[in-house]
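*Asks:* Just the structure for this:
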Amino acid sequence: MRIRIVDAFSERPFAGNPAGVVLFDSDAFPEDAWLQRVAAEVNLSETAFAHPLSPGGDADWALRWLTPTTEVDMCGHATLATAHVLHTTGTATGTVRFRTRSGVLITTTGDGGSITMDFPTAPLTPADVPDAVTRALHAEIRSAHDTGPNVGDLLVELADEKAVRDLSPDFALLAGYGGRGVIATACAEDPDGGYDFVSRGFFPGVGIAEDPVTGSAHTALAPFWSARLGRDTLVGLQGGARTGFVRTELRGDRTLLTGSAVTVIDGELLAAP
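*Replies:* Numbers count the residues shown, from 1 in each chain. Just a heads-up that it's a prediction; the model follows:
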């Protein structure tokens, strides 16, 4: 079977967020232990595994996402990467419906290969900041929100873009605080810079120190910043060493996430299940 590495939320190689993608011809997944070993071998923030479903149902493909250490409930960039592979290989065209742990997620490929994903909007609840997070970030936190069960992160607003870019967290402290991870965000410094807000995502508790561009996090960032900026359509810039852009459109209880992707490695997976 083939395995591909796709840089998601980027129009060029070696940027955005890389994800592994494995498509199966069968109508079921291999055993969980094998999937986890492959994800650990790939050693990216997520590897996506998908197999086709019988026609006539509510979805076209079953999709799962695994980090090097565990399975997660929602992943945006690996969904984008999977849709990109299906489109560029001619396996699927137009709209693709994925059955996932977070319900049916829909992707649509547009002109130029951009892909729009229809995800549930994360419910935001004001939250206290755990002491471990405060000490780990070494930054002034202006507000904090819980992002609900699908995302499972703590969203923290910092003073400005520079504060987000300058973060150098204590990952050992962050790993022990209890949630999936922490999303740090601030309004863009330059309103004419091509993006409206910045963010970085830290997930050491699931084996990922920093995730370059986290699609699922933008289902929380979209309602957070749309409420503050007064617009339903925004552009987010995420990342530290690697960065990528996510266009968000808030539609009530759904959020549309749009980005591009590029395949950088296409190889053969020899360790069959």
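
*Asks:* only C-alpha atoms for contact and neighbour calcs from this point on.
*Replies:* Noted.

*Asks:* So the residue of the chain positioned farthest from its centre: helix, strand or coil?
*Replies:* Computed with C-alpha atoms, centre = their mean, the maximum C-alpha offset from the centroid of the chain is found at Gly56, amounting to 28.5 Å. Under DSSP: H, G, I helix; E, B strand; the rest coil, Gly56 falls in the coil class.

*Asks:* That one: what's it in contact with?
*Replies:* By C-alpha atoms under 8 Å, 6 or more residues apart in numbering, the contact list for Gly56 is empty.

*Asks:* May I have the phi/psi pair for it?
*Replies:* phi 100, psi -10 (degrees, to the nearest 10).

*Asks:* cool, the one 10 residues further on as well?
*Replies:* Taking degrees, to the nearest 10, you get phi -130, psi 130 for the backbone angles of Leu66.

*Asks:* For it, grab the count of nearby residues.
*Replies:* 28 (other C-alpha atoms under 10 Å).

*Asks:* Report the beta-bridge partner residues of it.
*Replies:* Thr47, Glu71 (DSSP bridges).

*Asks:* Cys75 is in contact with that one, correct?
*Replies:* No: Leu66 is beyond contact range of Cys75, at 9.1 Å (criterion: C-alpha atoms under 8 Å).

*Asks:* hey, what's in contact with both of the two?
*Replies:* Common neighbours of Leu66 and Cys75, using C-alpha under 8 Å, 6+ apart, are Glu46.

*Asks:* can you list contacts of the helix or strand harbouring Phe119?
*Replies:* With secondary structure defined by DSSP states H and E, Phe119 is part of strand 115-120. By C-alpha under 8 Å, 6+ apart, the list of residues contacting strand 115-120 from outside reads 76, 80, 83-84, 105-110, 219, 253-260.

*Asks:* Generate a PyMOL selection restricted to the buried subset of the residues you listed.
*Replies:* Buried residues within those, by 16 or more other C-alpha atoms under 10 Å, are selected in PyMOL with:
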select buried, resi 76+80+83+84+105+106+107+108+109+219+254+255+256+257+258+259+260
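
*Asks:* Name the SS class of His84, please.
*Replies:* helix.

*Asks:* In contact with it, which residues?
*Replies:* 113, 115, 261-262.

*Asks:* Repeat the analysis, applying 7 Å as the threshold.
*Replies:* Ala261 (C-alpha atoms under 7 Å, 6 or more residues apart in numbering).

*Asks:* sorry, back to before: in its sheet, which strands sit next to the strand holding Phe119, and in what direction?
*Replies:* Here, using DSSP bridges, strand 115-120 pairs with strand 103-109 (antiparallel), strand 254-259 (antiparallel).

*Asks:* Quick one, which of those strands gets closest to Trp61.
*Replies:* strand 103-109 (9.6 Å; C-alpha to C-alpha).

*Asks:* mind saving the C-alpha coords of that closest one as CSV?
*Replies:* What follows is strand 103-109, C-alpha atoms only, in CSV (Å, rounded to 0.1, in the frame of the first residue of the first chain):
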residue,chain,number,x,y,z
GLY,A,103,-19.3,12.9,13.2
VAL,A,104,-19.5,13.3,9.5
LEU,A,105,-17.0,15.9,8.2
ILE,A,106,-17.4,17.2,4.7
THR,A,107,-14.6,18.5,2.4
THR,A,108,-15.0,20.2,-1.0
THR,A,109,-12.3,20.8,-3.5
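
*Asks:* Show residues contacting it.
*Replies:* Taking C-alpha under 7 Å, 6+ apart as the rule, strand 103-109 contacts 59, 83, 94-99, 115-119.
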